[in-house]
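K.L.:
A structural model of the following input is requested.
(2 chains)
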Amino acid sequence: EAGVTQSPTHLIKTRGQQVTLRCSPISGHTSVYWYQQALGLGLQFLLWYDEGEERNRGNFPPRFSGRQFPNYSSELNVNALELEDSALYLCASSRNIEQYFGPGTRLTVT
Amino acid sequence: GENVEQHPSTLSVQEGDSAVIKCTYSDSASNYFPWYKQELGKRPQLIIDIRSNVGEKKDQRIAVTLNKTAKHFSLHITETQPEDSAVYFCAASNSGTYKYIFGTGTRLKVLA
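P.N.:
Now for the predicted structure:
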C-alpha cells in the first residue's frame, strides 16, 4: 500500500509571495489533515478536510487555506508569506481516527 | 483551550535501560491517544495508540498506559536500543472532531 505523498519536497519563497503545497492520501482514505511543524517545535493543527469539505480549522490566520478534490487529494495555500511561515508542512490522511503522515514539504521564506 | 503537555523535553538513557515519557491532556472529551516517532528528517510514524476504554496496551518493547481520571498517559519503552533514538510525540483526540492536539515532543537519545 502506497503511503501519503507530498510535493514539492522543498520550497524557497520570498516574503509576500504565495505558495501551494500538495498532498495525496493513502488509497481509501477520505480525510486529509494539514499540520505545521516549525523548527524545534511540535505539530500545530492547521486544517482538516473530509469528503471535500473543510471540517475543522486550527488557530491560523485566513491566509492559510486549502481544498480537497474529488479524488481526496488536497492543496494547502498560503498567501502573503511571512518569515515565520518557514516550517515543515505535514499532511496526514485517515479512514478512521488513525492518521498517517506524509514526508512533508519544507518551506523556507526569505 | 485544548492543551497537551509532554515531559521531559529531552531524555538520555543507556542502551538496555527503560524510557518513560509522560503526557497530560486538558480536554476531558479526548478518547484516543496516539504516539508518534519521528526520526531526523523523516515523517512521524504511528507506533502505538490507546483508546479511552482500556488502561494499558502493549506491543513488544513499547507500552502505553492511560489514567483517564488524572488525564494523563505515558509511553514506556523497555530494553532501549540505539535505533529508538528519535523525537516522540504524544497526541490527544476525540472521535467527534478527529482533531489531534500534539505534545511538544521528547527527544530520546539511547547511548550505546
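
K.L.:
Now do the SS call for B:Glu83.
P.N.:
helix (DSSP: H, G, I helix; E, B strand; the rest coil).

K.L.:
Any part of the helix or strand hosting B:Phe33 near chain A?
P.N.:
Using DSSP states H and E, B:Phe33 falls within strand B:32-38. Yes - with C-beta under 8 Å from any C-beta of the partner chain as the criterion, chain A is reached by strand B:32-38 at B:Tyr32, B:Pro34, B:Tyr36. All C-beta atoms are positioned from the backbone trio N, CA, C, and that covers glycine.

K.L.:
Give the other helices and strands that that strand contacts.
P.N.:
Strand B:32-38 is packed against strand B:45-51, strand B:62-67, strand B:86-92, with contacts defined by 3 or more C-beta pairs under 8 Å, 6 or more residues apart in numbering or on different chains; DSSP states H and E.

K.L.:
that older thread, which of the residues of strand B:32-38 next to chain A lies closest to A:Leu39?
P.N.:
B:Tyr36 (17.6 Å; C-beta to C-beta).

K.L.:
ok, the closest residue in space to B:Ser52 that isn't next to it in sequence - contacts?
P.N.:
Leaving aside its sequence neighbours, B:Ser52 sits nearest to B:Asn31 (C-beta to C-beta, 6 or more residues apart in numbering or on different chains; 3.9 Å). B:Asn31 makes contact with B:Arg51, B:Ser52, B:Asn53, B:Ser93, B:Asn94, B:Ser95, according to C-beta atoms under 8 Å, 6 or more residues apart in numbering or on different chains.

K.L.:
Show the buried residues in these.
P.N.:
B:Ser52, B:Ser93, B:Asn94 (16 or more other C-beta atoms under 10 Å in any protein chain shown).

K.L.:
which bits of chain B sit near chain A?
P.N.:
Within reach of chain A by C-beta under 8 Å from any C-beta, chain B has these residues: B:6, B:32, B:34, B:36, B:42-46, B:49, B:89, B:91, B:93, B:95, B:97-105.

K.L.:
Filter those down to the buried ones.
P.N.:
By 16+ other C-beta under 10 Å, these give B:6, B:32, B:34, B:36, B:43-44, B:49, B:89, B:91, B:93, B:97-105 as buried.

K.L.:
Chain A: helices as residue ranges?
P.N.:
For chain A, no helices turn up when DSSP state H is the criterion.

K.L.:
Spell out which parts of it neighbour chain B.
P.N.:
Neighbours of chain B within chain A, by C-beta under 8 Å from any C-beta: A:4, A:31, A:33, A:35, A:41-45, A:48, A:50, A:55-56, A:58, A:90, A:94, A:97-104.

K.L.:
Taking those, please make a PyMOL selection of just the buried ones.
P.N.:
In PyMOL, a selection of the buried entries from the residues of chain A next to chain B looks like this (16+ other C-beta under 10 Å):
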select buried, chain A and resi 4+31+33+35+42+43+44+45+48+50+58+90+94+97+99+100+101+102+103+104
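
K.L.:
Tell me, how many residues neighbour residue 27?
P.N.:
Picking chain A for this. The number of residues packed near A:Ser27 is 11, by other C-beta atoms under 10 Å in any protein chain shown.

K.L.:
think we crossed wires, I meant chain B
P.N.:
17.
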